[in-house]
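K.L.:
I would like the atomic coordinates for the input below:
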Amino acid sequence: MENAVHYTIVPSDPAGHYFTVTLTITSPDPQGQRISMPTWIPGSYLIREFARHVVRIRATSNGHDVMLEKQNKHTWQLAPCRHALQVEYDIYAWDLSVRAAHLDQSHAFFNGSSVYLRAEGKEHHPHITHLQRPRGSHYRTWQVATTLREYEAKRYGFGSYIADNYDELIDHPVEMGNFALGSFSVCHTPHDVAITGHVPALDMDRLCADLSRLCETHITFFAPATKQAPMARYLFLVTAAGNAYGGLEHRSSTALLCSRTDLPSKQTGTAAPTSEAYQTFLALCSHEYFHNWLVKRIRPGDFSPYNLQEENYTRLLWLFEGFTSYYDDLLLVRSALIDEDTYLRRLARTINRVKSGSGRHKQSIAEASFDAWIKFYRQDENAPNALVNYYTKGALIALALDLTIRRQTRKQKSLDDVLLRLWEKYAHHFEKGGKETGLDEAEVLPLFEDATGVMLGDFFKRYIYGTEDPPLEALLKFVGIEKNQPDSPEKPGLNIRVRQTHGDCLIANVSNGGAAHKAGLSAGDILLAIDNVRIQPDPPATLDNLLSRYAAGDTVKVHLFRLDELLCKEVTLLPDNQPQFTLKRAKKQTATTRTARQQWLGTP
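P.N.:
This is a model prediction of the structure:
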């Protein structure tokens, strides 16, 4: 294809974790071609410096070496040449995550942003990638899973795939290997599930059936009249390994990490209750699938288009990630994949998680969105005291907005109407081309008010741009749900979070104003003993068990190591400040609360 940019990518050394990539530019810039590597991947707001994984690079043209000079951490300048230019380089791929690339003798996975150098000035040309099988008989059975369009390849086969431009090329992750494959169709749109990693007794039929119900709920949410999906096909790329967990959205696929035990087993049967681990996996799938609309096709204006060479700042992640976090579980219950009680347990867990950190009173979720690059994605031991999670508190803001709108409009409007208005006004359809338009911060409040008829300025000021907690207890009463705190004796504590490291009890976080803070204990300290009794990782002498013998207000001696020095601190125990709220349906229900709850959850 004339003027196309070509790549050949080969898993050249699976044991050493190297891909070899050849970039071919048929008509390089006559003044000297520049090439560069993205510094981050959309959906994960941290500068990851993918160029650091380029191990070897050389350029040739017409059989002769072409000089290339590195200009900064991710950009190279090549000397002028009159013929086609080839750039060959090796990529080290040993990052088992959804964000970069991973290669060994069992499989190969990569995101395009971590392997494809960008030919500057050629971004809008067609991009063709030639995927080659590793050498050796061991790899003869490998297949390819990606939603890149086939060019000279068959579905699931090695060969050539094509994208209309560079942005499209890097928005389709690729998996190579021997994966389990399941398929289903939703609203006339084919969906596939490719699972890498051995999963004993995997119940693929149940997984596909459950995902089918979930995806149909999402599609009909955004397109109730047409029931039309925004993509031509969709792929769930799943890697099952250890205790892994994570997900990243793409325009027609998602890359997911999970534990093997998160997936359904044939031993339990399709009629078995959904386990908590499987619920969490389905919620992850729901979250990433919802991003097909919110984030991939409705974007912040600051991301339209993306600039992958530096940070892109927005104050709207509370909306794009927080609202997605709200709807991921809500659409599970509307799909009847979890029941009302399960949903309320999961919602209560989110409330407790948000209320456990004092940082929510110091940083607004709008500020947290803007500072994601330097704070949320770079959390340290002081994070619970200093920042708020725009995923979890954003989900609670979405809940509060939803119930506020439902109450003030007497159940005539909801947050659903806001999402539909966003889709109607800001949806970008990749397949149709055209200029991307994004949602600017100044447009958010007027759009919300116009879509619902509810004046929300005070809400935005107090809960989004301010640091107040939304009045969830009062709002939940509108749908017949009450919040409860366990009626149990006051539990004494050090007001810390600990983790076990090689049998040691290490302080991970110290709560501001808590018992440990007042006594001078610090994150990183290794706790040894309470009143001369050794702290052990297993019962009966765990930290919690030892502290349970005391009452709040008692003073204890704590022996600890700080670095390599033995210290002893006197600590006056304070009440444990970890919230333990539960949610349940109120005993007294009215016709109004019952109807409101049914409309909210989509349950009988």
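K.L.:
Tell me what the one residue sitting closest to the centre of the chain is bridged to.
P.N.:
Per CA atoms, centre = their mean, the C-alpha nearest to the average position across the chain is that of Gly247, at 4.7 Å. When bridges are called by DSSP bridges, Gly247 pairs up with Leu256.
K.L.:
correct me, but it touches Leu256?
P.N.:
Yes: the criterion here is CB atoms under 8 Å, and Gly247 meets it with Leu256 at 4.8 Å. Where C-beta positions appear, they are placed from N, C-alpha and C, glycine not excepted.
K.L.:
Find residues that contact each of those two.
P.N.:
Counting by CB atoms under 8 Å, 6 or more residues apart in numbering, the contacts common to Gly247 and Leu256 are 98, 284-285, 288.
K.L.:
Which ones among those residues map onto helices?
P.N.:
Secondary structure defined by DSSP state H assigns 284-285, 288 of those to helices.
K.L.:
Neighbours of the nearest residue to Leu103 once chain neighbours are set aside, how many?
P.N.:
Among residues not flanking Leu103 along the chain, Ala93 sits closest, at 4.1 Å (CB to CB, 6 or more residues apart in numbering). Neighbourhood size, Ala93 [other CB atoms under 10 Å]: 24.
K.L.:
Could you do Asn545 as well?
P.N.:
Neighbours around Asn545, by other CB under 10 Å: 14.
K.L.:
and what of Thr467?
P.N.:
Thr467: 17 surrounding residues under other CB under 10 Å.
K.L.:
If I look at the closest residue to it other than its chain neighbours, what pLDDT would I see?
P.N.:
Excluding the flanking residues, the one nearest Thr467 by CB to CB, 6+ apart is His361, at 5.0 Å. Per-residue confidence (pLDDT) for His361: 97.
K.L.:
Same check on the one 4 residues further on?
P.N.:
Each residue has a pLDDT score; the one for Ile365 is 98.
K.L.:
got the contact list for it?
P.N.:
Contacts for Ile365 (CB under 8 Å, 6+ apart) come out as 318, 322, 388, 390, 393-394, 397, 464.
K.L.:
which outside residues touch the helix or strand harbouring Tyr7?
P.N.:
For Tyr7, the enclosing helix or strand under DSSP states H and E is strand 5-13. Outside strand 5-13, the residues within contact range by CB under 8 Å, 6+ apart are 18-26, 90, 103, 108, 110, 115-116, 119, 122, 125-134, 139, 166, 176.
K.L.:
Take the residues you listed and keep only those in helices.
P.N.:
Per DSSP H, the contacts of strand 5-13 map to helices at Tyr166.
K.L.:
circling back to that earlier point, nearest to Phe460 among the ones in helices among the shared contacts of Gly247 and Leu256?
P.N.:
Using CB to CB, Glu288 comes nearest to Phe460 of these, at 27.4 Å.
K.L.:
Is it correct that that closest one is in contact with Gly247?
P.N.:
Yes: counting by CB under 8 Å, Glu288 touches Gly247, with 4.5 Å between them.
K.L.:
Identify the contacts common to those two.
P.N.:
254, 256.
K.L.:
sorry, back to before: run a quick neighbour tally on the residue nearest to Thr467.
P.N.:
Using other CB under 10 Å, His361 has 13 neighbouring residues.
K.L.:
again, but for Gln485
P.N.:
Neighbours around Gln485, by other CB under 10 Å: 9.
K.L.:
which ones are touching it?
P.N.:
579-582.
K.L.:
what pairs with Leu583 across the strands?
P.N.:
When assigned by DSSP bridges, Leu583 has beta-bridge partners Lys483.
K.L.:
these two touch, right, it and Ala348?
P.N.:
Yes: using CB under 8 Å, Leu583 and Ala348 qualify as a contacting pair, with a distance of 4.5 Å.
K.L.:
Test for you: state the pLDDT assigned to Gln267.
P.N.:
Gln267 carries a pLDDT value of 81.
K.L.:
meant to ask about Ala271
P.N.:
Looking at Ala271, its pLDDT stands at 56.
K.L.:
How much space separates the residue nearest to the centre of the chain from Leu284?
P.N.:
Distance of Gly247 to Leu284, given as CB to CB, to the nearest Å: 5 Å.
K.L.:
where do the contact lists of the two overlap?
P.N.:
Counting by CB under 8 Å, 6+ apart, the residues touching both Gly247 and Leu284 are Leu256.
K.L.:
re the thing from before, kindly list the main-chain dihedrals of the residue nearest to Thr467?
P.N.:
Main-chain torsions, His361, degrees, to the nearest 10: phi -90, psi 0.
K.L.:
Hmm, it is touching Gly466, no?
P.N.:
No: using CB under 8 Å, His361 makes no contact with Gly466, being 9.9 Å away.
K.L.:
quick revisit: closest one to His191 out of the contacts of Ile365, please.
P.N.:
After measuring these against His191 - CB to CB - the closest member comes out as Gly322, at 26.2 Å.
K.L.:
And what about the closest residue to that closest one other than its chain neighbours, helix, strand or coil?
P.N.:
Nearest residue to Gly322 in three dimensions, chain neighbours excluded: Gly394, at 1.4 Å (CB to CB, 6+ apart). Here Gly394 is recorded as helix under DSSP: H, G, I helix; E, B strand; the rest coil.
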